[in-house]
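**Student:** Here is my input, please return the structure:
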Amino acid sequence: MDLSRNVDHAYDQYLTKHVGLVPQAIAHFQEEMKQGFVKFGRFTIPSFLKAHFITPKQEKLLKSVSDPFYSVLNKVTSLYFTEPALASHFRLTGDMEELIKIDPGLSRNVIISRFDGFLEGESLKFLELNCDSPSGIGYADMLEKIIFETELLSDFFKEFPCKREERSAKVLSALLSAYEEFGGYENPTIAIVDWRTVRTKAELESFKTFFEEKGYKTTVADPRDLRYKGGKLYHGNFKIDLVYRRVAFLEIVEKLEEIQDFIKAYRDRAICMVNPLRAFLATSKEVLSFLTNPAYVRFFTERENEVKREHLPWTRRIADAENFYGGHTTYLIDFLKDEKESLVLKPSEDSSGRDVIVGVETRDEDWNFAIDRALKGSWVVQELIPQPKMTVPIVVNGKLDFAYKKVSLSVFVCDGKFSSGLSRLSDETVINVSRGGGLVPLVASEETVNR
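**Tutor:** Residues are numbered from 1 along each chain as shown. Take a look at the predicted model:
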């Protein structure tokens, strides 16, 4: 094996060296996923017998920006209350405002978050900041476990030591930290709350299994099935102390009349909820417009402004058309048309990758239609960031082959601490599981292989 190459390349070389055994190992890997919790709805999530390997230097970079961004986003949520002039940036309706005003009994509004973006070499850009009800943490643990326990790979990991992570443990630690701050004084009973029909149900069940293995009684509950009585919230006969909220804020608003017991318990502080509903304030893509605008640097520290400048792409709300470019809407439209090849249009609140329009991949007439649609709704325009690629092993006609996939990085930050991550792979520019993309775990090597 050529040890002058990095771990990613060394992994591909290792598979090539064991070419006759790889098809069977990949088949076993796929079967393990089918038998486990790696499901999105009824379907097994696409994946590959490989991790997204990062170097110690890259891991250090991710750790170094996790805490500043965590601090930035918690500041953003507080600005809604302390700077009334900025309230328009959050575009809240009446029902949304009422929910946001509920005091959760915690000093932090963002506790568990996921930052999505691209990492290539030492260049890191976060395109979206998911602070509401981020998913994927459990999936990453499950995929990593299967890979590390694949018999064919045991010699590889002996020669190239890589870190095994327990992301679910960091979620549990963040939940318990919040519960302690909330005033909890005994082992809490935990409810993982989302709709019964949600397609990530398998991941929720994996968390339930993990929490119970650690000694915490846990239920997975639809918020419509919760009942508030005697000052306590119940799922059947199961009394709830701590809620791991996975139901999205906008869906709560949409079905508000159906979940009044859940909201009353939250309002009365009968439960500790993580993330609090106020976390939504930091999750809209419009927040990136605020964070990349030089007019607002005064709200942040020098270090926070430094990481924002370095690691966020230029983003602006289409709603700011009048103050966007030359003071006139007409100039904004000219700008969007002239710079089409370097821009992306995104709906502000959607997190599934739907309706993301990449200028360079869009016909002029479709781009013009998208501009018109964006001007009438809640959209942002963002600079296009080049996408990295990675190779993955596949089987073609019974033999090992490699395919190139576009890759996006998702970094988990729990309680302000870097908690590893996962990566999404696709042939498309817009990478999302709901759009047919696949997942692989993010794995850091113990040492740089460059000797």
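**Student:** now this structure, which segments are flagged as low pLDDT?
**Tutor:** Within the chain, the stretches with pLDDT under 70 are 1-5, 320-330, 350-354, 429-437, 447-451.
**Student:** Thought Lys239 was touching Ile271, still the case?
**Tutor:** No - counting by CB atoms under 8 Å, Ile271 stays clear of Lys239, with 10.0 Å between them. In short, each C-beta sits where N, CA and C put it, glycine included.
**Student:** higher neighbour count, those two?
**Tutor:** The residue with more neighbours, out of Ile271 and Lys239, is Ile271; 26 against 15, by other CB atoms under 10 Å.
**Student:** before we move on, back to that, find the residues that touch each one of Ile271 and Lys239.
**Tutor:** Counting by CB atoms under 8 Å, 6 or more residues apart in numbering, the contacts common to Ile271 and Lys239 are Leu233.
**Student:** The nearest residue to Glu144 once chain neighbours are set aside - how many residues pack around it?
**Tutor:** Using CB to CB, 6 or more residues apart in numbering and skipping residues adjacent in sequence, the residue nearest Glu144 is Pro441, 3.8 Å away. For Pro441, the count of nearby residues is 27 (other CB under 10 Å).
**Student:** what helix or strand does Pro441 sit in?
**Tutor:** strand 438-444 (DSSP states H and E).
**Student:** what's that strand packed up against?
**Tutor:** Contacts defined by 3 or more CB pairs under 8 Å, 6 or more residues apart in numbering; DSSP states H and E place strand 438-444 against strand 52-54, helix 56-82, helix 137-148, strand 399-414, strand 417-426.
**Student:** can you give me the angle it makes with strand 399-414?
**Tutor:** 70 degrees (axes from the mean of the first three to the mean of the last three CA atoms, to 10 degrees).
**Student:** neighbouring strands for strand 438-444, and are they parallel or not?
**Tutor:** Here strand 438-444 is paired, per DSSP bridges, with strand 52-54 (parallel), strand 417-426 (antiparallel).
**Student:** quick one: contacts of it?
**Tutor:** With CB under 8 Å, 6+ apart, strand 438-444 has contacts from 45-48, 50-56, 58-59, 136, 139-141, 143-144, 147, 162-163, 165, 392, 405, 409-411, 420-426, 433.
**Student:** From these, keep the buried residues only.
**Tutor:** 45-48, 50-55, 58-59, 136, 139-141, 143-144, 147, 162, 165, 392, 405, 409-411, 420-426, 433 (16 or more other CB atoms under 10 Å).
**Student:** Where do the strands of the stretch 301-450 of the chain begin and end?
**Tutor:** 315-317, 343-347, 357-358, 379-383, 389-396, 399-414, 417-426, 438-444 (DSSP state E, counting those that start in this stretch).
**Student:** Turn the ones you listed into CSV, including distance to Asp222.
**Tutor:** As requested, the strands of the stretch 301-450 of the chain are exported to CSV (distance: least, CB to CB, whole Å):
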stretch, distance to Asp222
strand 315-317, 34
strand 343-347, 27
strand 357-358, 34
strand 379-383, 32
strand 389-396, 36
strand 399-414, 25
strand 417-426, 26
strand 438-444, 25
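**Student:** and of those strands, who's closest to Phe249?
**Tutor:** strand 343-347 (15.5 Å; CB to CB).
**Student:** residues in contact with stretch 179-192?
**Tutor:** The contact list for stretch 179-192 (CB under 8 Å, 6+ apart) reads 105-107, 175-176, 204, 207-208, 211, 215-221, 226, 233, 235, 238-244, 246, 269, 272, 274.
**Student:** Which positions in that stretch come out as buried?
**Tutor:** Neighbour counts over stretch 179-192 (16+ other CB under 10 Å) mark Tyr179, Phe182, Pro188, Thr189, Ile190, Ala191, Ile192 as buried.
**Student:** From one end of it to the other, what's the distance?
**Tutor:** 14 Å (CA to CA, to the nearest Å).
**Student:** can you check stretch 406-426 too?
**Tutor:** Across stretch 406-426, first to last residue, CA to CA, it's 5 Å.
**Student:** Relative to the whole chain's centre, how far out is that stretch?
**Tutor:** When distances are taken as CA atoms, centre = their mean, to the nearest Å, stretch 406-426 is centred 7 Å away from the chain's centroid.
**Student:** Can you give me every residue that contacts the residue lying closest to Arg196 once chain neighbours are set aside?
**Tutor:** Using CB to CB, 6+ apart and skipping the chain neighbours, the partner closest in space to Arg196 is Asp222 (4.2 Å). The contact partners of Asp222, by CB under 8 Å, 6+ apart, come to Val193, Asp194, Trp195, Arg196.
**Student:** Ramachandran coordinates for the third one?
**Tutor:** For Trp195, the backbone dihedrals (degrees, to the nearest 10) come out as phi -60, psi 150.
**Student:** burial measure for it, as a count.
**Tutor:** Applying other CB under 10 Å, I find that Trp195 has 17 neighbouring residues.
**Student:** State the distance from the closest residue to Asp225 other than its chain neighbours to Leu288.
**Tutor:** Once flanking residues are discounted, Asp225 sits nearest to His235: 6.2 Å by CB to CB, 6+ apart. Look at His235 and Leu288: by CB to CB, to the nearest Å, they are 36 Å apart.
**Student:** More neighbours: those two, which one.
**Tutor:** Leu288 (24 against 18).
**Student:** Just to check, that one is in contact with Leu129?
**Tutor:** Yes - contact criterion CB under 8 Å: Leu288 and Leu129 qualify, at 7.1 Å.
**Student:** overlap in contacts of the two?
**Tutor:** With CB under 8 Å, 6+ apart, Leu288 and Leu129 have no common neighbours.
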